[in-house]
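Visitor: What follows is a predicted protein model with its sequence.
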Amino acid sequence: MSRREDDRPLRVTILGATGSIGLSTLDVVARHPDRYEVFALTGHSRVHELYELCRRYRPRYAVVADDVAAARLRCQLRDDGVATQVLAGEQGLVDVAGHDEVDVVMAAIVGAAGLRPTLAAVHASKRLLLANKEALVMSGALFMQALRDSSATLLPIDSEHNAIFQCLPADYARGLARAGVRRILLTASGGPFREMPLAELENVSPAQACAHPNWSMGRKISVDSASMMNKGLELIEACWLFDARPQQVEVVIHPQSVVHSMVDYVDGSVLAQLGNPDMRTPIAHALAWPERVDSGVSPLDLLRIGRLDFQAPDERRFPCLRLAREAAQAGGTAPAILNATNEVAVDAFLTGRIRFTQIAGMIEHVLQCLPRTRVDCLDDVLDADARARDLARHWLARE
Ligand SMILES: NC(=O)C1=CN([C@@H]2O[C@H](COP(=O)(O)OP(=O)(O)OC[C@H]3O[C@@H](n4cnc5c(N)ncnc54)[C@H](OP(=O)(O)O)[C@@H]3O)[C@@H](O)[C@H]2O)C=CC1
Ligand SMILES: CC(=O)[C@@H](O)[C@H](O)COP(=O)(O)O
Ligand SMILES: [Mn+2]
């Protein structure tokens, strides 16, 4: 279903509209006014950018961080004659994600802040376009159970998971073994430090870490790519999305980021999805699925690219990948602890309080101090997240 039966455009809420994924989504949506209509846009710190987006796209709702920012935006929009209603805080995000009149929700808030609004879209049985991998990593079992209990449709936006989805048969949810899948090959660029001498890693700057060789992305995910924690989070994400065991997901470094991931079948066939590194492709795929629409991405020119390389990741260079694999195997609250500590560590690195090489040490310390426990309800996840952040901040204060 990429249009409503009555053929009106689908109403789209974009959580995290001011970010990299949010803006790419708006770019695709704007190419197809006959198919999609912007219903709600949300932002956090970039309120001026959200104001400009409201002037351009005239959504029914906008959501900002708090009441003060909301009051200011409301006045500005009213003065400009824009009828957008402005909401505030997490409840505002939950309201526009689960609103009765919404068809599609793009979950593109970064980090744990996206968890409740993303779950609200699931509970309200929306077509959910999931970019916010942290929400799934934190709450995997609960998230997938909520999906099964609803009639929501989840379409992965993360380029690798979107690629895997495209390479799997339509009935893959009956089980990877029944589908004849042997392994999932998760490709990774290796980030900006793939070849840097190990001794130089401790002196890299946030600007260097955010300079991804192939993708233009927000700062947090860019640092995650540089440490390969991004691939660790994606490994956990793949296990939940495709009901795979961690051992079935192999990480392969592919510096060109043209093969977005692969599925290896028992008969020796390996299916891959290729494309230019531009998030408008998975976004357009998920918006229109099972149809296809133009995304604005130029055709792949393999003759210009010339070669596709593959190599194994070095866990001495990328200890975060090992930590994430261990958390995936441990299960329970371990992925939530890993994710929360990583969020604190990346923020500390970006604000100059720790070195790049300390990110992994901080995460390992918190994972060792906090015992992994069972997850029975959302409070178990939120409690693990809060404890991990507390411990991480103590660690920071001692350094
Ligand atoms: N960028 C990419 O190519 C890819 C991104 N992803 C995932 O998509 C998600 C978004 O990434 P990206 O777009 O790069 O990130 P950005 O930093 O560019 O954007 C993040 C968005 O989240 C909003 N936001 C930040 N903090 C909060 C908060 N506390 N409450 C509500 N909203 C908040 C930001 O608002 P504001 O800007 O106004 O502060 C912004 O709209 C991440 O989970 C990332 O891992 C996955 C694959 C690829
Ligand atoms: C575009 C996307 O999906 C990112 O998650 C990307 O994969 C980051 O690149 P790395 O492979 O370097 O983590
Ligand atoms: Mn990815």
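Guide: Nice, thanks for sending it over. Ligands and ions are numbered 1, 2, ... in the order given.

Visitor: any idea how far Leu367 is from Arg31?
Guide: Arg31 is 44 Å from Leu367, where distance means C-beta to C-beta, to the nearest Å. Quick note: C-beta positions are derived from backbone N, CA and C, even for glycine.

Visitor: Tally up the residues packed near the residue of the stretch 251-399 of the chain found nearest ligand 2, please.
Guide: Residue nearest to ligand 2 within the stretch 251-399 of the chain: Met279 (5.7 Å; C-beta to the nearest ligand atom). Neighbourhood size, Met279 [other C-beta atoms under 10 Å]: 25.

Visitor: do Arg307 as well
Guide: 8.

Visitor: Give me the spatial nearest neighbour of it, chain neighbours excluded.
Guide: Nearest residue to Arg307 in three dimensions, chain neighbours excluded: Gln256, at 7.7 Å (C-beta to C-beta, 6 or more residues apart in numbering).

Visitor: Can I take it that that neighbour is in a helix?
Guide: No - assessed by DSSP: H, G, I helix; E, B strand; the rest coil, Gln256 does not belong to a helix; its assignment is coil.

Visitor: show me what contacts it?
Guide: Ser189, Asn214, Ile305, Arg307, Leu308, Asp309 (C-beta atoms under 8 Å, 6 or more residues apart in numbering).

Visitor: of those, closest to ligand 3?
Guide: Distance to ligand 3, by C-beta to the ion, is smallest for Ser189 among the contacts of Gln256, at 9.3 Å.

Visitor: Am I right that that closest one is in contact with His254?
Guide: Yes - at 7.0 Å, Ser189 and His254 qualify as touching, with contact defined as C-beta atoms under 8 Å.

Visitor: burial measure for the closest residue to ligand 3 within the stretch 101-250 of the chain, as a count.
Guide: Nearest residue of the stretch 101-250 of the chain to ligand 3: Asp158, at 4.2 Å (C-beta to the ion). Each residue near Asp158 was counted by other C-beta under 10 Å, and the total is 26.

Visitor: Now it: closest residue in space, sequence neighbours ignored.
Guide: Nearest non-adjacent residue to Asp158 (C-beta to C-beta, 6+ apart): Lys133, at 5.6 Å.

Visitor: Next up, the contacts around the one you found.
Guide: So Lys133 contacts Asp158, Leu233, Glu234, Glu237 (C-beta under 8 Å, 6+ apart).

Visitor: got the buried residues for the lengthiest helix in the chain?
Guide: What stands out as the longest helix in the chain, according to DSSP state H, is helix 378-398. Neighbour-count burial for helix 378-398, counted by 16 or more other C-beta atoms under 10 Å, picks out 378, 380-382, 384-385, 387-389, 391-392, 395-396.

Visitor: Show the secondary-structure elements that that helix is packed against.
Guide: helix 133-149, helix 334-350, helix 358-369 (3 or more C-beta pairs under 8 Å, 6 or more residues apart in numbering; DSSP states H and E).

Visitor: Would you reformat those helices as JSON lines and include distance to ligand 2?
Guide: As requested, those are exported to JSON lines (distance: least, C-beta to the nearest ligand atom, whole Å):
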{"stretch": "helix 133-149", "distance to ligand 2": "8"}
{"stretch": "helix 334-350", "distance to ligand 2": "13"}
{"stretch": "helix 358-369", "distance to ligand 2": "15"}
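
Visitor: do you know how far the residue of the chain most remote from its centre is from Leu73?
Guide: Ranking residues of the chain by C-alpha distance from their mean position (C-alpha atoms, centre = their mean) puts Asp79 at the top, at 35.5 Å. From Asp79 over to Leu73 the distance is 11 Å, taken as C-beta to C-beta.

Visitor: now Ala179
Guide: 48 Å.

Visitor: Can you pick out the residue with more neighbours from those two?
Guide: When neighbours are counted by other C-beta under 10 Å, Ala179 and Leu73 differ, and Leu73 comes out ahead with 23 against 17.

Visitor: Am I right that that one is in contact with Leu50?
Guide: Yes - Leu73 is within contact range of Leu50, at 7.0 Å (criterion: C-beta under 8 Å).

Visitor: what do these two both touch?
Guide: Ala62, Val64.

Visitor: beta partners for Thr13?
Guide: Ala40, Val105 (DSSP bridges).

Visitor: Can you get me a residue count around it?
Guide: If you count neighbours by other C-beta under 10 Å, Thr13 ends up with 30.
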